[in-house]
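J.: Only the shape, not the letters, is given here:
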């Protein structure tokens with residue numbers, strides 16, 4: 001299943017990713033810190049969505065209350081909530 005998530009309060013304006021058998025694939029952030037996003041995408045590739053959300057929830061960026069990893073966690077939590 002392909003998911004597009006519109007972010008809030010961060011540099012990236014949206015996140016695209018796929019969920020297959022409960023795992024995250026093809027993560028792509030639009031705008032923001034390209035190198036960090038590529039690194040994050042490689043780290044979470046094939047990981048269970050629930051584990052990614054658990055690890056990344058609450059990460060902040062500078063003075064912001066959220067971050068790209070935190071927004072990914074929120075997107076995944078939204079997906080997981082709909083599945084239950």
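T.: Looks like it arrived, so ask away. This is a predicted model, so every value here is computed, not measured.

J.: Quick test: name the residue nearest the centre of the protein.
T.: Using Cα atoms, centre = their mean, the residue of the chain that lies closest to the mean C-alpha position is residue 72, 2.0 Å off.

J.: burial of the nearest residue to residue 9 once chain neighbours are set aside, as a residue count?
T.: Closest residue in space to residue 9, ignoring its immediate chain neighbours: residue 66 at 5.0 Å, by Cβ to Cβ, 6 or more residues apart in numbering. Bear in mind the C-beta positions are built from the backbone N, C-alpha and C, glycine included. For residue 66, the neighbour count with other Cβ atoms under 10 Å is 17.

J.: and residue 66, what does it touch?
T.: Contacts for residue 66 (Cβ atoms under 8 Å, 6 or more residues apart in numbering) come out as 8, 9, 10, 60, 74.

J.: Got the confidence number for it?
T.: Residue 66 is assigned 97 on the pLDDT scale.

J.: Could you do residue 84 as well?
T.: Residue 84 is assigned 78 on the pLDDT scale.

J.: thinking again about what came up before, got a winner among the contacts of residue 66 for most neighbours?
T.: If you rank those by neighbour count (other Cβ under 10 Å), residue 10 sits at the top with 20 neighbours.

J.: quick one, what contacts it?
T.: Residue 10 makes contacts with 32, 61, 64, 66, 67, 68, 71, as judged by Cβ under 8 Å, 6+ apart.

J.: go on, residue 46?
T.: When contacts are counted by Cβ under 8 Å, 6+ apart, residue 46 touches 23, 24, 25.

J.: Assign it to helix, strand or coil.
T.: In three-state terms, and counting by DSSP: H, G, I helix; E, B strand; the rest coil, residue 46 is coil.
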